[in-house]
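**Student:** here is a sequence together with a model predicted from it:
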Amino acid sequence: PLLAAALQDWADDSLVLHWSPLISTEPVGGPADQPAYLNAVVLVQGLALVPAEPLALELLQRLHGLERRFGRERSQEQRCGPRSLDLDLLFWGELRLEHPDLMLPHPRMHLRSFVLQPLLQAMQGTHPPCWRPFTPDPMAPLPAPEPFELLDTVEAVDARKIRFERNRIKLPMGVEATFG
């Protein structure tokens, strides 16, 4: 309820939240004797705010404030060590952000099963939250293939993928929580 209230207060709007169940996972990195973590993801839909750096940083500050309410002091903890609460903003629509305090989308999200598993579970039961409805006509001709081109750089591949994905995907906002 506190995270939901913080998100609603920040958005100043009524939101639809899709929660994953809590998933127990072994810690990645840090001290060997730390306990298992509980991970969850919430997808936020219905956000009228336009994705922008100042708003994303404001939300991050509110998430950190909630962490402090649960006793977390980021300046005094060991990297990858135990923490009472860890809230991460994973993505917000198509916003790409490289700020010293926040990178969007989360740069290691795709490498962490403890993020992806609850993210997929939060997506279940929604009219998939990030896919526009698609009802193909089985009799329609296939579209002409895109011309093949050799792309030299990661930036070019990313730019092409973004152009392609923008036509199919409408991403909501994702927030990941770790309790440990």
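**Tutor:** Done, it's in. Numbers count the residues shown, from 1 in each chain.
**Student:** just the CA atoms of the lengthiest helix in the chain, as CSV, please.
**Tutor:** The residue-count maximum for a helix in the chain (DSSP state H) belongs to helix 53-69. Extracted C-alpha coordinates of helix 53-69, given in CSV (Å, rounded to 0.1, in the frame of the first residue of the first chain):
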residue,chain,number,x,y,z
GLU,A,53,14.1,13.4,-16.9
PRO,A,54,12.9,15.8,-14.1
LEU,A,55,9.8,13.7,-13.4
ALA,A,56,11.8,10.4,-13.4
LEU,A,57,14.3,11.9,-11.0
GLU,A,58,11.5,13.2,-8.8
LEU,A,59,10.0,9.7,-8.7
LEU,A,60,13.4,8.2,-7.9
GLN,A,61,13.7,10.6,-4.9
ARG,A,62,10.3,9.5,-3.7
LEU,A,63,11.3,5.9,-4.0
HIS,A,64,14.5,6.5,-2.0
GLY,A,65,12.4,8.3,0.6
LEU,A,66,10.3,5.2,1.0
GLU,A,67,13.4,3.1,1.3
ARG,A,68,14.6,5.4,4.2
ARG,A,69,11.2,4.8,5.9
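**Student:** what is the mean pLDDT for that helix?
**Tutor:** The average of the pLDDT scores along helix 53-69 is 94.
**Student:** packing partners for the following helix or strand past that helix?
**Tutor:** Using DSSP states H and E, the helix or strand that follows helix 53-69 in sequence is strand 86-92. Secondary-structure packing of strand 86-92 (3 or more CB pairs under 8 Å, 6 or more residues apart in numbering; DSSP states H and E): helix 53-69, strand 102-104, strand 173-179. Just so you know, the C-beta spots here come from the backbone N, C-alpha and C atoms, and that holds for glycine as well.
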